[in-house]
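Novice: next one to model:
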Amino acid sequence: MIIVEGMVVGLLSWLFGALISAPTSMVLANAVIQAVFESQATYQYSYLGLLIWLVIVMLIAVLASLAPARNATRLRVREVLDYE
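Specialist: Residues are numbered from 1 along each chain as shown. Got it, this is the predicted structure:
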């Protein structure tokens, strides 16, 4: 359950990052190209890069969730109920 929660948080962060990155990167790329080269550039969003970033984020989310999940499996029911 803890690993799934970590994956959901990772997926949501990737989704929000992907939604924000598309328009932001277009504006920043055009600004840099205009300032450095004084010309317009054609902008292409890399969907392969987006997919690779999803795999990396999910891998990090799983790895980050392993230690808390391991610690949770060592607790007894009484300790869990006493904590909450």
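Novice: I'd like to know how many residues surround the residue nearest to Ala29 when sequence neighbours are not counted.
Specialist: Using Cβ to Cβ, 6 or more residues apart in numbering and skipping the chain neighbours, the partner closest in space to Ala29 is Tyr43 (5.5 Å). Yep, even glycine has a C-beta here, placed from its N, CA and C like the rest. A count of nearby residues for Tyr43, using other Cβ atoms under 10 Å, gives 12.
Novice: now do Tyr43, the pLDDT please.
Specialist: Tyr43 carries a pLDDT value of 80.
Novice: do Ile56 as well
Specialist: For Ile56, pLDDT reads 97.
Novice: how far away is it from Asp82?
Specialist: Separation of Ile56 from Asp82 (Cβ to Cβ, to the nearest Å) stands at 38 Å.
Novice: and for Arg70?
Specialist: For Arg70, the distance to Asp82 - Cβ to Cβ - is 20 Å.
Novice: same check on Ser39?
Specialist: 67 Å.
Novice: can you tell me how far Val62 is from Leu48?
Specialist: Separation of Val62 from Leu48 (Cβ to Cβ): 22 Å.
Novice: no no, Arg70
Specialist: From Arg70 to Leu48 the distance is 34 Å (Cβ to Cβ).
Novice: what about the two, which has more around it?
Specialist: Between Arg70 and Leu48, counted using other Cβ under 10 Å, Arg70 has the larger neighbour count: 10 against 7.
Novice: where's the more buried one, which helix or strand?
Specialist: helix 47-73 (DSSP states H and E).
Novice: same question, Val8
Specialist: Element membership of Val8 [criterion: DSSP H and E] is helix 2-37.
Novice: how about that helix: buried residues?
Specialist: Residues Gly6, Gly10, Trp14 are the ones in helix 2-37 that count as buried (16 or more other Cβ atoms under 10 Å).
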